[in-house]
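Chemist: quick one: sequence and predicted model below, then my questions.
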Amino acid sequence: MAKTLKKTSAAKTVKGESFLSPFHIYWERNNYILLVAGLILTLIGFAFLSVKPWDSTASLVIAPIILVFSFVVVFPIAIFYRPKSKKQTTEN
């Protein structure tokens, strides 16, 4: 007999077909929030980078700091963040 698969909350219906994200196993809501925060920080960094005149403090100091922070800290945290499972928290 055929086994039926249990639908998870990540399944979405697109034109009558069930669409399951390939990242549903690894990524949760917190990961997506961190990813969006990284994208917003990147856009803010590029906005500061485009401030006229080109030799202003915002263009030469603030923008690179924001961009490096978003690329080196926020995006990796968004990718690698995984909350502790219930099994791990009960063992500790």
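Modeler: Perfect, thanks for sending it.
Chemist: any stretches of the protein with poor pLDDT?
Modeler: Within the chain, the segments meeting pLDDT under 70 span 1-16, 23, 86-92.
Chemist: does the residue at minimal distance from the centre of the chain sit in a helix or strand, and which one?
Modeler: With distances taken as C-alpha atoms, centre = their mean, Leu35 lies nearest the centre of the chain, 1.9 Å away. Leu35 is part of helix 29-49 when elements are defined by DSSP states H and E.
Chemist: Asp55 belongs to a helix?
Modeler: No. Counting by DSSP: H, G, I helix; E, B strand; the rest coil, Asp55 falls outside a helix, being coil.
Chemist: that one: how many residues sit nearby?
Modeler: Residues near Asp55, counting by other C-beta atoms under 10 Å, number 7. Bear in mind the C-beta positions are built from the backbone N, C-alpha and C, glycine included.
Chemist: could you do Ile44 as well?
Modeler: Residues near Ile44, counting by other C-beta under 10 Å, number 15.
Chemist: so it makes contact with Leu67?
Modeler: No. Judged on C-beta atoms under 8 Å, Ile44 makes no contact with Leu67 at a distance of 9.1 Å.
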